[in-house]
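Q: turn this into a model:
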Amino acid sequence: MFLKVVFLIERAKFALHVMVSAGISFEGKGGLHFVDEKANVNADYYVNQLLPKLVGDCQQVLGEKFIFQQRRVHAAKVTQWWLAVHCPDFIDKDSWPPNSPDINPPDYHVWGSMLEKSRILSRRTS
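A: Prediction:
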């Protein structure tokens with residue numbers, strides 16, 4: 001009589017991901033605002049869920065004098081209107097500078113640092 005042993009190893013089909021929104025300036029940084037896992041980040045979600053938190057962070061770190069700059073993808077009219085009403089100043093979509101690594105430092109430094117820290121933390125917990 002033979003005994004057949006089968007070992008199954010489950011693997012995720014798709015890598016897990018997290019969407020985070022945050023604000024940074026020379027004066028300080030705001031909190032990390034995690035996007036709901038199943039959220040569709042459209043103009044409605046951005047204006048109602050993220051922008052109030054991001055602008056609140058700016059006010060907490062900088063007071064009432066700041067210029068809000070956002071990523072180029074947030075050009076919806078409702079977004080531009082919300083910023084005009086709730087921010088002391090912001091860079092509107094028609095005034096955005098061209099794409100440049102100097103313009104969006106989170107893409108090049110902050111996210112890399114966060115990724116490295118998450119790797120260190122995951123090694124500690126495994």
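Q: name all residues that make contact with the residue lying closest to Gln59 once chain neighbours are set aside.
A: Setting aside the residues directly before and after it, Gln59 is nearest to Phe66 in space (C-beta to C-beta, 6 or more residues apart in numbering), at 7.7 Å. Every residue, glycine included, has its C-beta placed from N, CA and C. Contact partners of Phe66, counting by C-beta atoms under 8 Å, 6 or more residues apart in numbering, are Ser25, Cys58, Gln59, Cys87, Pro88, Asp89.
Q: by neighbours, which of those residues wins?
A: Counting neighbours by other C-beta atoms under 10 Å, the top entry in the contacts of Phe66 is Cys58, with 23 neighbours.
Q: not counting its neighbours along the chain, what's nearest that one?
A: According to C-beta to C-beta, 6+ apart, the nearest residue to Cys58 is Phe66 (4.8 Å).
Q: now Val61: which helix or strand?
A: Taking DSSP states H and E as the criterion, the element that holds Val61 is helix 51-62.
Q: mind listing the helices in the protein by residue range?
A: Along the chain, the stretches classed as helices by DSSP state H are 43-45, 51-62, 77-86, 105, 111-125.
Q: those: lowest mean pLDDT?
A: Mean pLDDT across the helices of the chain is lowest at helix 105; the value there is a mean of 53.
Q: which parts of stretch 58-78 are buried?
A: Taking 16 or more other C-beta atoms under 10 Å as the neighbour-count basis, stretch 58-78 is seen to contain the buried residues Cys58, Gln59, Leu62, Phe66, Phe68, Gln70, His74.
Q: stretch 26-40 now?
A: Under the neighbour-count criterion of 16+ other C-beta under 10 Å, stretch 26-40 has Gly30, His33, Val35 buried.
Q: I am finished for the moment; much appreciated.
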